[in-house]
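1. Show me the folded form of this:
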Amino acid sequence: MKIYYRKSQIHTYCHFKHPYEPFNIEKAKTLIVGNTPPARFAQKKLQEGDVDWYYGSKYNAFWKILEQSCKCEQPLTTKEQRQNFFLQNSIGIFDTIDECSRKKGCGASDGDLHNIVLIDVVALLKKNKYKTLRLFFSGRFVAELFQKATKTKFDLRSREMQKIELDGKTLELTILYSPSPSWARGLSEELRKNPNKNKIRLEQYSQICIQYKN
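-> Now for the predicted structure:
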């Protein structure tokens, strides 16, 4: 049964299916969870500097943050490098949205997304072989979509790790600070003015690369 979110009769312009399959789900100890890439990735109208995979927009800092926070010896600039890094570190990735519409103009913001069809997250997680699994959401909206897809509850305001039980698994959940250029909007005024505020984000992302026994 498909789960729909933000149904709209108005915002039906620019409707696309997600262009990428979930990656390394079965063997991952850690999963990165997002929503959907900008429309140009589904349209295959990439811009110079884009990479045709998750978080491939040249404006998105996800991979640069990961390079810095995990002290990578090799750059994460190509699809192959990124996939190999995930495989070597038992990390998988998927997005919660299977298809959606956008407002006219095909904007990239979360507020532009409508007629959302969510993937079957519970069925996807069943494919994973571990009983304890870490999930890192790329923002609060992603965590909200995850709640909708799994009918779970946890604190959407917290940036600390939380635990829930789902279908026989213990899920350790963390809502990341967004890798987008506007990520600091959610911080307090004091932190927004702090010239070292990016250290907060780097420290949080460094948790993605911590290896642990499962």
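2. Okay, now stretch 42-58: how far is its last residue from its first?
-> 15 Å (Cα to Cα, to the nearest Å).
3. hey, which helix or strand in this structure has the poorest pLDDT?
-> Least confident helix or strand of the chain, by mean pLDDT, DSSP states H and E, is helix 189-192 with a mean of 78.
4. Check what pLDDT Cys176 gets.
-> For the record, residue 176 is Leu, not Cys. pLDDT, Leu176: 95.
5. roughly how far apart are it and Val117?
-> Look at Leu176 and Val117: by Cβ to Cβ, to the nearest Å, they are 24 Å apart. Any C-beta I mention is one placed from the backbone N, CA and C, and that applies to glycine too.
6. do Leu46 as well
-> According to Cβ to Cβ, Leu46 and Val117 sit 24 Å apart.
7. same question, Tyr205
-> Applying Cβ to Cβ to Tyr205 and Val117 gives a distance of 29 Å.
8. Give me the more crowded residue out of those two.
-> In terms of neighbours (other Cβ atoms under 10 Å), Tyr205 is the more surrounded of Tyr205 and Val117; the figures are 21 against 16.
9. wait, Cys100 sits on Pro38?
-> No. Counting by Cβ atoms under 8 Å, Cys100 stays clear of Pro38, with 11.8 Å between them.
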